[in-house]
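**Student:** everything below, folded, please.
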Amino acid sequence: MRGYLPTHNLKFSLPQRDDVVWNMANCRNRRMFNDRTGLAAGSHTKKFLLQTYRRDMGGGEFVLMKDASAPIFVQGRHWGGVRIGYRV
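**Tutor:** Okay, here's the model as predicted:
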């Protein structure tokens, strides 16, 4: 619920390098996404939430993204959410 993303699709789950800009674009798994969009995706309890945001790809490059999320409940307890992001 605090923005931790354990896994990402293969294109953006490459091993990290010493280059911060390259990592922003290619190593998005096992990171904290505690920006407004990420926190809303993990903390809401509506049936679903649709958002639009600018994804920071590093090096001053941004991509316009859509984000669809739904909450995860286990035995009545809210555990976070599942997110799907896609380019416009």
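
**Student:** and Leu14, its phi and psi?
**Tutor:** phi -80, psi 160 (degrees, to the nearest 10).

**Student:** excluding chain neighbours, what is closest to it?
**Tutor:** Asn26 (4.5 Å; CB to CB, 6 or more residues apart in numbering). Yep, even glycine has a C-beta here, placed from its N, CA and C like the rest.

**Student:** one more: Met24?
**Tutor:** Gly58 is the one closest to Met24 (CB to CB, 6+ apart), at 2.9 Å.

**Student:** again, but for Met57
**Tutor:** Ala25 (4.6 Å).

**Student:** could you look up the SS state of the one you found?
**Tutor:** Taking DSSP: H, G, I helix; E, B strand; the rest coil as the rule, one finds Ala25 in the helix state.

**Student:** what about this protein, any weak spots by pLDDT?
**Tutor:** 1-8, 32 (pLDDT under 70).

**Student:** break down it into its strands, ranges please.
**Tutor:** 4-5, 31-32, 49-56, 62-74, 77-87 (DSSP state E).

**Student:** next, format the ones you listed as CSV and append mean neighbour count.
**Tutor:** Formatted as CSV, the strands of the chain follow (neighbours: other CB atoms under 10 Å):
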stretch, mean neighbour count
strand 4-5, 14
strand 31-32, 12
strand 49-56, 14
strand 62-74, 14
strand 77-87, 13
